[in-house]
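> sequence and predicted structure below; questions after.
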Amino acid sequence: MLKFILTLLLSTSTLLVLPPQASSAKPDPSSTVDQRRLEQITARGISFLRSKGQQADGSFSGETGPGVTALITTALLRSNVPASDPMTARSLKYLEGFIQPSGGVHQQGTLYRNYETCLAILCFQEANEDGRYSEVIQKADAFIKGIQWDDGEGAKQADPGFGGAGYGKHNRPDLSNTTFFIEALKAAGNDADSEAIQAALLFVSRSQNLESEHNTTPFAGKIGDGGFYYTPAAGGTSQAGLAANGGLRSYGSMTYAGLKSMIYAGVKPDDPRIKAAKTWIQANYTVRLNPGLGQQGLYYYYHTFAKSLSVLDLDLVKDSAGVHHDWRSELFDQLARLQRPNGSWVNRAPRWYEGDPNLSTTYILLALKYCQPRPPKA
């Protein structure tokens with residue numbers, strides 16, 4: 001284990017599947033994505049949601065609750081569809097109907113209070129240029145902090161679930177919900193050193209396959225590859241399954257989500273946790289599948305992949321074979337190939353609702369924002 005940690009500390013911070021444009025020579029990342037083509041593909045996705053996705057009450061896939069509508073509206077707003085547009089105005093009005101006296105924004109009696117409220121915070125903050133949602137966001141911020149997995153829920157700091165957030169139906173936190181939780185806290189104005197974010201960081205650290213002072217769970221050293229899994233709580237779960245020694249297998253979407261969450265929580269690039277995650281990414285870089293899960297959760301993966309690499313401020317990813325990847329260009333070309341004739345995207349592996357073109361299209365619109373060409377560096 002000591003040898004592994006020393007290897008991580010000495011490894012480069014740059015980031016195995018080699019897409020067609022991969023090259024050992026460094027490409028210029030400032031002009032590799034065609035802006036006009038990106039705008040056309042984005043417009044076709046928005047057109048699909050406008051013509052096919054929205055229901056009469058303003059919702060998108062409303063049978064799933066307000067969470068999907070909040071996420072879609074966020075994607076539309078970030079794609080330069082203004083809050084005054086009839087489509088987004090209707091969806092915002094729909095979401096306002098779920099504001100609860102408690103400060104939460106969710107269905108009554110739902111088991112998804114954290115998920116729905118966190119996505120609502122992200123959405124309302126995106127639409128809050130005139131301050132119309134400031135009070136709603138403030139109250140929702142207090143609400144999600146109140147349901148964080150901590151002393152109030154009977155979880156002591158030594159509990160593997162401490163600091164996390166999750167679905168009520170499983171009675172334990174998970175990394176996906178905790179990622180949304182941290183993003184919502186950040187959007188609501190919390191600093192990286194806030195008590196809630198630092199408690200969440202403890203849970204995120206315990207969801208990583210890395211034994212350290214931050215992670216002494218029974219799973220920490222069993223695999224030790226630096227990737228992340230779903231949850232160490234309640235006996236531990238990885239959607240990628242168990243290793244022969246009982247370790248929880250790392251997989252792509254959670255590794256990028258965990259890495260991004262650590263950056264938001266103020267963990268520095270030279271921290272062993274960040275280095276370990278980058279080492280895992282170096283060995284598993286791909287835009288073809290969700291490493292460890294294949295096609296399952298692929299569109300969620302695309303979003304977390306793009307956002308995490310953007311948060312890391314990386315233009316190029318250097319894989320373990322020494323090949324440099326212009327990840328924006330490679331991801332964009334892949335997403336363009338996957339777009340359907342009607343402008344939507346849909347995962348042929350429908351797990352986690354990705355068979356719903358509304359949700360899959362939203363993940364891709366969010367990912368496309370991070371494919372924007374960057375200006376040349378001075």
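That came in fine, so what should we check first?
> who's in contact with Phe180?
For Phe180, the contact set (Cβ atoms under 8 Å, 6 or more residues apart in numbering) comprises 114-115, 118-119, 122, 165. Every residue, glycine included, has its C-beta placed from N, CA and C.
> just confirm Tyr274 contacts Leu259, I think it does.
Actually, residue 274 is Ile rather than Tyr. Yes. The pair Ile274 and Leu259 passes the contact test of Cβ atoms under 8 Å, sitting 6.9 Å apart.
> neighbour-wise, which of the two wins?
Using other Cβ atoms under 10 Å as the criterion, Ile274 and Leu259 rank with Leu259 on top: 28 against 19.
> ok but that one is inside a helix, no?
Yes. Remark: Leu259 belongs to a helix, assigned using DSSP: H, G, I helix; E, B strand; the rest coil.
> excluding sequence neighbours, find me the nearest residue to it.
Ala277 (4.3 Å; Cβ to Cβ, 6 or more residues apart in numbering).
> which stretch of helix or strand covers that neighbour?
helix 272-284 (DSSP states H and E).
> so what does that helix touch, helix or strand wise?
helix 2-10, helix 252-264, strand 316-318 (3 or more Cβ pairs under 8 Å, 6 or more residues apart in numbering; DSSP states H and E).
> I'd like the next helix or strand past it.
Heading C-terminal from helix 272-284 (DSSP H and E), you reach helix 298-311.
> dump that following helix to PDB, restricted to CA.
The C-alpha trace of helix 298-311 is given here as PDB (Å, rounded to 0.1, in the frame of the first residue of the first chain):
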ATOM      1  CA  LEU A 298     -23.500   6.400 -20.200                       C
ATOM      2  CA  TYR A 299     -25.300   9.700 -20.700                       C
ATOM      3  CA  TYR A 300     -24.900  10.600 -17.000                       C
ATOM      4  CA  TYR A 301     -21.200   9.600 -17.500                       C
ATOM      5  CA  TYR A 302     -20.800  12.000 -20.400                       C
ATOM      6  CA  HIS A 303     -22.100  14.900 -18.300                       C
ATOM      7  CA  THR A 304     -19.900  14.100 -15.300                       C
ATOM      8  CA  PHE A 305     -16.900  13.400 -17.500                       C
ATOM      9  CA  ALA A 306     -17.100  16.800 -19.300                       C
ATOM     10  CA  LYS A 307     -17.900  18.800 -16.200                       C
ATOM     11  CA  SER A 308     -15.100  17.200 -14.100                       C
ATOM     12  CA  LEU A 309     -12.400  17.800 -16.700                       C
ATOM     13  CA  SER A 310     -13.600  21.300 -17.200                       C
ATOM     14  CA  VAL A 311     -13.500  21.900 -13.400                       C
END
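> what about the spatially most central residue of the chain, distance to Gly65?
The chain has Thr304 as the residue nearest its centroid, 4.0 Å off, counting by Cα atoms, centre = their mean. Distance, Thr304 to Gly65, using Cβ to Cβ, to the nearest Å: 21 Å.
> from Ala349, how far off is His214?
His214 is 33 Å from Ala349, by Cβ to Cβ.
> one step back: show me what contacts the residue nearest to Leu259?
208, 226-228, 255, 258-259, 262 are the contacts of Ala277 under Cβ under 8 Å, 6+ apart.
> ok, those residues vs Leu368, which is closest?
Leu259 (20.5 Å; Cβ to Cβ).
> if we can go back for a sec, isn't the residue nearest to the centre of the chain right up against Gly258?
No. Judged on Cβ under 8 Å, Thr304 makes no contact with Gly258 at a distance of 9.3 Å.
> how many neighbours does Lys318 have?
Neighbour tally, Lys318, other Cβ under 10 Å: 18.
> wouldn't it be in contact with Gln282 here?
Yes. Counting by Cβ under 8 Å, Lys318 does reach Gln282; the two are 7.3 Å apart.
> model confidence for the nearest residue to the residue nearest to the centre of the chain once chain neighbours are set aside, exactly?
Spatially, and ignoring its direct neighbours in sequence, Thr304 is nearest to Tyr256 (4.1 Å; Cβ to Cβ, 6+ apart). With respect to pLDDT, Tyr256 scores 98.
> tell me the contacts of Tyr256?
281, 301, 304-305, 307-309.
> can you tell me the element Gly109 falls in?
Applying DSSP H and E, one finds Gly109 in no helix or strand.
> pLDDT at it, what is it?
93.
> so how far is Glu116 from it?
12 Å.
> compare the two (neighbour count), which wins?
Taking neighbours as other Cβ under 10 Å, Gly109 and Glu116 compare with Glu116 leading, 25 against 6.
> which one of the contacts of Ala277 is nearest Ser134?
Met262 (28.4 Å).
> do you know the pLDDT at that closest one?
Met262 carries a pLDDT score of 98 in this model.
> tell me how many other residues crowd it.
Met262 - counted by other Cβ under 10 Å - has 25 other residues nearby.
> list the contacts for the nearest residue to Glu129 once chain neighbours are set aside?
Closest residue in space to Glu129, ignoring its immediate chain neighbours: Ala83 at 7.5 Å, by Cβ to Cβ, 6+ apart. Ala83 makes contact with 77, 89, 92, 127, 129 under the criterion Cβ under 8 Å, 6+ apart.
> just name the closest of those to Ser61, please.
Nearest member of these to Ser61, counting by Cβ to Cβ, is Leu92, at 16.3 Å.
> OK, contacts around that closest one?
Counting by Cβ under 8 Å, 6+ apart, Leu92 has contacts 58, 73, 83, 123-124, 127.
> before we move on, what about Gln296?
239, 290, 349, 351-352 are the contacts of Gln296 under Cβ under 8 Å, 6+ apart.
> neighbours around Gln339, how many?
Neighbours of Gln339 using other Cβ under 10 Å come to 16.
> that one and Gln40 touch, don't they?
No. With contacts counted by Cβ under 8 Å, Gln339 stays clear of Gln40, the gap being 10.2 Å.
> where does pLDDT dip in the stretch 251-378 of the chain?
374-378 (pLDDT under 70).
> hmm, 50 instead?
Filtered on pLDDT under 50, the stretch 251-378 of the chain yields the residue ranges 377-378.
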